[in-house]
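Chemist: sequence plus predicted model, see below.
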Amino acid sequence: MRILFLVHNMTRRGGAYYHGLGFAKPLARRGHQVTLMSISPTARWRMSVSETEGITLVEAPDWFWGMGRTGWDPWDTVRRVTWLRGRAFDIVHTVDTRPAVVIPALFAKRFSGAMWIADWTDWWGRGGAATEREGRFVKKVVGPVETFFEELPRPHADGTIVISKALQERALGLGIDPATTLRLPPGSDPDTLRSLSVSEARNKLGLTGDAPIVGYLGNIYPRDAELLLEAIQLLEDHDARLMFIGGGNEKVGVPPSLARRVLRTGRVPFDEMLDYLCACDVLALPLTDSIANRGRWPSKINEYVAVGRPTVASDVGDVSDLVARHDIGLVVEPRAAAFASGIDELLADPDRARAMGDRARKLAASDYSHAAVGEALEEFYERILGDPSNNTGGRG
């Protein structure tokens, strides 16, 4: 199949880019012709095309800046549509439905006969992620716009993929046919599997001291950060440190009483980020009970399981089912005291924690893997393409 992924993030930045890449890689390994279109981190005028890991990477120019450079730019949208003219795909797969992805998808569906698959990876508007972010403008203006683009186009898609049960229910509430929907969380990339021990990773990174380290990767909502920091303050093991790994958490304020116990790596290369995860004894997934957290699947769990470390996760959303069902960590109430208790429990029983980590790594190589995701996606695409009610004129 000829498959095009449209994402609203810059190349190698943001969850939508890595979600699209995570779906694109296993399909390319299965022999399909896969193209991934993202936003260029630097270009303002021209499209660029390159090859990466068996995937054709097309980068679109964008005039906006900051949060605006996430799928809202009309020039970006026009250049994508122009690039699509005269090119045929069997499947156009959008990661969420911001203008720079949904308008080109509708163009490809209308003029080349491609089947449009609308992926829903986050609960953005209607009380979701927009309300979790700081700033009145985001809540009052961006939220309603997110809701408009999140809901209005989706019933026009030929197939719908959702990342969680909450989004599946929301999709059905929009009148989307359940026969054309698939709930599919992302899997772990085999390239991220690691077997480094804690001591080996710390030696490699030059980290000193024997105190336990609790790790957290990437972006974090303000309320989730408060939960995590309060839990660290309540730990019985008062020497345990918290390490914020990667970018997206720079604005998290740390109380003076915790300053000596909190480490930050800042943005680091991907392989080094995996080494920092390996240097941790326990990995944290703090989620307050909110609409946004119930609707999403935090992609950091992909790396948590791949490096073979146990996870302490709040009992919010679908990801807690993964942790509990496979016994790869502890699921606790979304309260600081419960979260601290879960961390203490694993730090006090390193053999149990190690066994959970080993199960997590095995899971990342089997049921929760790119290979499993690729197979499920392929079957879903074939089902949509084979539906006689769809226009399959795009198939070569």
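Modeler: Ah, there it is. Note that the structure is a prediction, hence the values are computed from the model and not measured.

Chemist: what segments of the stretch 151-300 of the chain are strands?
Modeler: 159-162, 181-183, 213-217, 241-245, 262-264, 282-285 (DSSP state E, counting those that start in this stretch).

Chemist: with the stretch 1-150 of the chain instead?
Modeler: 2-10, 33-39, 48-52, 55-60, 91-95, 115-120.

Chemist: ranking those by burial, who's on top?
Modeler: When these are scored by mean count of other CB atoms under 10 Å, the highest mean neighbour count falls to strand 91-95 (a mean of 30). Yep, even glycine has a C-beta here, placed from its N, CA and C like the rest.

Chemist: for that strand, packing partners?
Modeler: If you count contacts as 3 or more CB pairs under 8 Å, 6 or more residues apart in numbering; DSSP states H and E, strand 91-95 packs onto strand 2-10, helix 15-29, helix 99-112, strand 115-120, helix 370-385.

Chemist: which one of those lies closest to residue 66?
Modeler: strand 2-10 (11.3 Å; CB to CB).

Chemist: helices of the stretch 101-250 of the chain, start to end?
Modeler: Along the stretch 101-250 of the chain, the segments classed as helices by DSSP state H, counting those that start in this stretch run 129-132, 136-137, 143-151, 165-173, 198-205, 222-234.

Chemist: give me the angle between the last one and strand 213-217.
Modeler: With axes from the mean of the first three to the mean of the last three CA atoms, to 10 degrees applied, the angle from helix 222-234 to strand 213-217 works out at 180 degrees.

Chemist: and helix 222-234, what does it pack onto?
Modeler: By 3+ CB pairs under 8 Å, 6+ apart, helix 222-234 packs against strand 241-245, helix 336-347.

Chemist: can you list those in TSV and add distance to residue 360?
Modeler: Formatted as TSV, the helices and strands packed on helix 222-234 follow (distance: least, CB to CB, whole Å):
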stretch	distance to residue 360
strand 241-245	17
helix 336-347	12
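
Chemist: to residue 150, which of the ones you listed lies closest?
Modeler: strand 241-245 (29.2 Å).

Chemist: let me see the mean pLDDT of the closest one.
Modeler: For strand 241-245, the mean pLDDT works out to 96.

Chemist: what do you get for stretch 9-28?
Modeler: Stretch 9-28 comes out at a mean pLDDT of 91.

Chemist: gap between it and the chain center?
Modeler: 9 Å (CA atoms, centre = their mean, to the nearest Å).

Chemist: can you tell me what sits against that stretch?
Modeler: Identification of contacts with stretch 9-28 by CB atoms under 8 Å, 6 or more residues apart in numbering yields 1, 3, 5-8, 34, 36, 38-41, 53-55, 57, 59, 62, 69-71, 93, 95-96, 119, 121-122, 186-187, 189, 219, 299, 302, 370-371, 373-375, 377-378.

Chemist: any low-confidence regions in the stretch 101-250 of the chain?
Modeler: Counting by pLDDT under 70, the stretch 101-250 of the chain has low-confidence residues at 124-143.

Chemist: mind giving me the domain split of this protein?
Modeler: Domain ranges of the chain: 2-121+153-187+369-385, 190-364, per automatic domain parsing.

Chemist: can you say which of those is nearest to residue 144?
Modeler: Smallest distance to residue 144 across those (CB to CB): 13.8 Å, for domain 2-121+153-187+369-385.

Chemist: and the end-to-end length of that closest one?
Modeler: 12 Å (CA to CA, to the nearest Å).

Chemist: likewise stretch 199-212?
Modeler: Using CA to CA, the end-to-end distance of stretch 199-212 comes to 11 Å.

Chemist: what comes into contact with that stretch?
Modeler: Taking CB under 8 Å, 6+ apart as the rule, stretch 199-212 contacts 196, 213, 237, 239-241, 272, 275-276, 278-279, 281-282, 347.

Chemist: among these, which two are most distant?
Modeler: So, the contacts of stretch 199-212 by CB to CB: farthest apart are 237 and 272, at 26.4 Å.

Chemist: retrieve the pLDDT associated with the nearest residue to residue 196 once chain neighbours are set aside.
Modeler: Nearest residue to residue 196 in three dimensions, chain neighbours excluded: residue 278, at 4.1 Å (CB to CB, 6 or more residues apart in numbering). pLDDT for residue 278: 97.
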